[in-house]
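Next one to model:
(chains A, B, C and D)
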2 protein chains.
Amino acid sequence: MARRKVDNLLALAVLSYLSQTPMHPYELGRTLREHGDDRSIKFNHGSLYMVVQQLARAGFIEGQEATREGNRPERTVYALTDTGRAELRDWLRELVEVPRHEFPAFVAALSLVAALPPSEVIELLGRRLEHLAGQQAQARALVEQSAADGVPPLFLIEEEYRLTMLAAESGFVSEFIERIQDPVSGWGKMWAQFYGEDPAATGNNAAAGDRAATPDADLTRRG
Amino acid sequence: MARRKVDNLLALAVLSYLSQTPMHPYELGRTLREHGDDRSIKFNHGSLYMVVQQLARAGFIEGQEATREGNRPERTVYALTDTGRAELRDWLRELVEVPRHEFPAFVAALSLVAALPPSEVIELLGRRLEHLAGQQAQARALVEQSAADGVPPLFLIEEEYRLTMLAAESGFVSEFIERIQDPVSGWGKMWAQFYGEDPAATGNNAAAGDRAATPDADLTRRG
DNA sequence: GGCTGAATAGTCACTACTGGATAATCACCA
DNA sequence: TGGTGATTATCCAGTAGTGACTATTCAGCC
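Reported below is the predicted structural model:
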């Protein structure tokens, strides 16, 4: 029950660009890429034509002339309809107002992370921190370059959002590493014992609490 | 080019649960739900059978007996293979180590938000803040309840990650609202003029900079 | 003892998405 | 003038995912 007739964010971008001026699909694609929207919206060539077709079927856009230049394939120029304009507004409003429950891969990984030995997880998280730092540097560079090029800051807002979230994730990961290694919490020891590892490998050498005393505790399930 | 033969996080959960003990699909589904994994991984009935089939085809799991109880439909019990165990480890490692570029709906919305008038955006963002607060309260309640039930904190780590990210997003949204309203930055005024709104409605009554002097500036595009 | 609703268990048809395939034109070099 | 690779432009076959459907069993209730 996809509430929207066309439930694909690429369609939102299409509506938005067509609200400026009519275009044919290929031009839409080029424009999207040029403006860096492919960083915010999953884009690939095939889906674009798919989405345009769906939008046309739903009555949000309308094919106009089908012109032909030289012997190139015919190209159809599409324009936004009034219902399309309404849909764009309504959709955008909803997206800004209502946070939807999403499923990032890292959340899934975290929910199953107990299936890996803690010493390895620490290592992996360390590398993740480096990756995150790289992404932050890249995003910052993009923001600065664009600002230098005279792009108004309003059009960099997604990138700043991304920066905020990257920083938050980095903080979380660092803290997670520390918690695994923390001699008081007992996580590292309990977790390591389950794998028959030397608990010292996690940096945890304190005595574990009562719960850790049962090594056959089911570590991959919730009560 | 999905690098994984089965590229669906639900499959990861299936591998993980089958690494404990063989089960039939329906039991897998029930277990997933019971353990709250449906909060971390997109789950629906149909996809589960799809994914199990794919995993079997890929050789990561193997159907064992097909037993029948009473007159119920036949059920096939699946067990993890050695390649399956390897895939589980490798996949989990990759997910923990490498942050992948994702496309949350809010990012898409932000990248196109200039298509809405600023006064309305402020209102919508305000309501988003309330929603976010609600989600945070819910997540916190879940964490506390589980902790009280004796679930080791390691199994609540995804929920804590979610809390971290919710807090970060709330901070960002608050700041965004302020920036629109900030009399110095000029965002509100420039943005409002484009829509023929009373700039005072955004709380911005300072003089706009030079760039805002051209009301026909293309506000929805990047240079 | 028959009704109702929840739980059990799995299948299927439809739609959407993806990654190429196709095919012509153009810029450039040798 | 002929070859190479990039650009323009669209289509399509294969795969994945979703929601709805089928069908039985069981517990509780009147």
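
among the helices and strands of chain A, which has the poorest mean pLDDT?
When each helix and strand of chain A is scored by mean pLDDT, DSSP states H and E, helix A:187-194 comes last, with a mean of 78.

is any part of that one close to chain B?
Yes: judged by CB under 8 Å from any CB of the partner chain, helix A:187-194 comes into contact with chain B at A:187, A:190, A:191. Every C-beta, even on glycine, is put in place using the N, C-alpha and C of the backbone.

Would you mark the buried spots in that helix?
Buried residues in helix A:187-194, counted by 16 or more other CB atoms under 10 Å in any protein chain shown: A:187, A:188, A:189, A:190, A:191, A:192, A:193, A:194.

And for stretch A:95-113?
A:95-97, A:99, A:103-113.

low-confidence ranges in chain A?
Filtered on pLDDT under 70, chain A yields the residue ranges A:1-2, A:66-73, A:194-223.

let's see 50
Flagging of chain A using pLDDT under 50 yields the residue ranges A:1, A:203-223.

which residue is nearest the centroid of it?
Among the residues of chain A, the one closest to the centroid is residue A:104, at 6.8 Å (CA atoms, centre = their mean).

Now for it: which residues touch it?
Applying CB atoms under 8 Å, 6 or more residues apart in numbering or on different chains, we find residue A:104 in contact with B:102, B:104.

next one: phi and psi at it?
Here is the backbone geometry of residue A:104 (degrees, to the nearest 10): phi -70, psi 150.

chain center to the lengthiest helix in chain A, what's the gap?
The longest helix of chain A (DSSP state H) is helix A:118-148. Put simply, helix A:118-148 sits 14 Å off its chain's centre (CA atoms, centre = their mean, to the nearest Å).

C-terminal to that helix, what's the next element?
helix A:157-181 (DSSP states H and E).

re the thing from before, next step: the buried residues of stretch A:95-113 restricted to strands.
Assigned to strands by DSSP state E, none of the buried residues of stretch A:95-113 qualify.

before we move on, back to that, centre of the chain versus the least confident helix or strand of chain A, how much separation?
32 Å.

could you check whether stretch A:80-92 is close to chain B?
Yes: against chain B, stretch A:80-92 shows contacts by CB under 8 Å from any CB at A:88, A:89, A:92.

Give the burial count for the last one, as a bare number.
Other residues near residue A:92 number 22, with proximity taken as other CB atoms under 10 Å in any protein chain shown.

That one touches residue A:9, doesn't it?
No: applying CB atoms under 8 Å as the test, residue A:92 and residue A:9 come out as separate, 10.8 Å apart.

Stretch A:22-34 and DNA strand C in contact?
No: with CB under 7 Å from any atom of the strand as the criterion, DNA strand C is not reached by stretch A:22-34; the gap is at least 10.1 Å.

buried stuff in that stretch?
Those buried within stretch A:22-34 under the rule 16+ other CB under 10 Å are A:22, A:23, A:24, A:25, A:28, A:29, A:31, A:32.

What of stretch A:44-61?
A:48, A:50, A:51, A:52, A:54, A:55, A:56, A:58, A:60, A:61.

Kindly provide the distance from the third one to residue A:10.
Translated: residue A:51. Residue A:51 sits 5 Å away from residue A:10, going by CB to CB, to the nearest Å.

repeat for the first one
Residue A:48 sits at a distance of 7 Å from residue A:10 (criterion: CB to CB).

returning to that earlier point: list just the nearest of the buried residues of helix A:187-194 to residue B:170.
Nearest to residue B:170, judged by CB to CB, of those is residue A:187 at 27.5 Å.

Spatially, what comes nearest to the closest one if we skip its sequence neighbours?
residue A:180 (5.4 Å; CB to CB, 6 or more residues apart in numbering or on different chains).

And for that neighbour, the neighbour number?
By other CB under 10 Å, 23 other residues sit near residue A:180.
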